[in-house]
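Based on what follows, work out the 3D shape:
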Amino acid sequence: MARADFRVVHVSIQRTHVHLIVEAASHQALSRGMQGLLISAARRINRARGGRGAVFPDRYHERVITSPRQCRHAIAYVVNNWRRHGEDRGRTWTVDPFSSAVNFAGWRELAGSDRLFEPPGWYERLPTSAPQTWLARVAWTRHGAISAREVPGPQPA
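Take a look at the predicted model:
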């Protein structure tokens, strides 16, 4: 059931962890939204693998995003996290198929186009919601579009 006070706007599924950018109307909405999301995901994962029990060993770690620059870095980190982990090596995909990157309209490479990546017919996009907050919709663009080739996070010295 969709919640009006909580939405997932970006997601990246890695081998051992998941990154999310969510919008929540309050701390309580965040807590309840994350609880519902984790329970639903655990049920689906257990059903798919024929298992039972806990799927996520840790609870979530939250970071509140308060500035346009911080928001831009967070979006780049999530949609390009596969590059940080080297999962893009040897792949023909332009963007991470296990993230919301295919839904993201803020790619630098999209300038003047509406297509960066055309997924194959069998591909199922991860469900996300359009951002509603000023930071996640508009403000982050003050610091430049995100390149599909960008490697996020601190660069090695």
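
Ranking helices and strands of this structure by mean pLDDT, which lands last?
helix 27-49 (a mean of 89; mean pLDDT, DSSP states H and E).

which residues touch that helix?
Here helix 27-49 makes contact (C-beta atoms under 8 Å, 6 or more residues apart in numbering) with 3, 5-8, 22, 24, 51-56, 60, 62. C-beta coordinates here come from the backbone N, C-alpha and C atoms, glycine included.

try stretch 17-24
5-12, 30, 33-34, 60, 65, 74-75, 77-78, 81, 129, 131-133, 136.

same deal with stretch 145-152?
Contacts of stretch 145-152 (C-beta under 8 Å, 6+ apart): 72-73, 75-77, 79-81, 83-84, 94-95, 101, 104, 106-111, 116-117.

same deal with stretch 117-127?
By C-beta under 8 Å, 6+ apart, stretch 117-127 touches 8, 11, 13, 93-95, 97-103, 148.

out of these, which is most surrounded?
Ala101 (27 neighbours; other C-beta atoms under 10 Å).

Verify the contact between it and Tyr77 for me.
No. Ala101 is beyond contact range of Tyr77, at 11.8 Å (criterion: C-beta atoms under 8 Å).
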